[in-house]
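> the following block contains a protein sequence and its predicted model.
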Amino acid sequence: MNTSFHQKVKYVIKKIPRGKVATYGQIAAFAGNHRAARQVAWVLHSSSRKDKLPWHRVVNSEGRISLRPNYGYETQKELLKKEGIKFDENDRIDFKNYLWDPWMMLQ
DNA sequence: AACCTGACTTCGG
DNA sequence: TCCGAAGCCAGGT
């Protein structure tokens, strides 16, 4: 397809279902470059607002929120909790229950 | 016009 | 297993 990495990233983020999360690496891989996780972060930073992306459903590979406290961490955690996602005692999300696999939607 | 900086992850020793 | 380096690339300075 003649779709840019940037566009693919936005497309797949919009497809993350409510109550699920995906990681930067997964999204990068799905968009065609498994080592471009930082670009996924950049896409979120630059266009999550104007394109109304469910930005809060993207977390890091440890199942943790990457934003720093007082710079969005609390906001993201609150949004996820509102969707029914639970955090363990170490503030991690259990992937067994909440990780979404982008490739599932191709079926 | 270089150089730095990230909402990160994978790779190789 | 662990840890530094590499990969990624648009914006800001």
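In hand now; what should we look at?
> pLDDT wise, what is the closest residue to DNA strand B within chain A at?
Nearest to DNA strand B in chain A, going by Cβ to the nearest atom of the strand, is A:Leu44, at a distance of 2.4 Å. Where you see a C-beta, it was placed from the backbone N, CA and C, and this is true even at glycine. Predicted confidence (pLDDT) for A:Leu44: 96.
> do A:Gln107 as well
You'll see A:Gln107 listed with a pLDDT of 83.
> how near is it to A:Ser48?
27 Å (Cβ to Cβ, to the nearest Å).
> the two: which has the busier surroundings?
Neighbour count, other Cβ atoms under 10 Å: between A:Gln107 and A:Ser48, A:Ser48 has more, with 16 against 4.
> leaving out chain neighbours, which residue sits closest to that one?
Spatial nearest neighbour of A:Ser48, chain neighbours left out: A:Trp55 (3.8 Å); criterion: Cβ to Cβ, 6 or more residues apart in numbering.
> picking up where we left off before, my guess is the residue of chain A closest to DNA strand B contacts A:Val58. True?
Yes - look at A:Leu44 against A:Val58 with Cβ atoms under 8 Å: they come within range, at 6.3 Å.
> mind listing the shared neighbours of these two?
Taking Cβ atoms under 8 Å, 6 or more residues apart in numbering as the criterion, A:Leu44 and A:Val58 both touch A:Ile13.
> neighbour count winner among these two?
Taking neighbours as other Cβ under 10 Å, A:Leu44 and A:Val58 compare with A:Val58 leading, 25 against 21.
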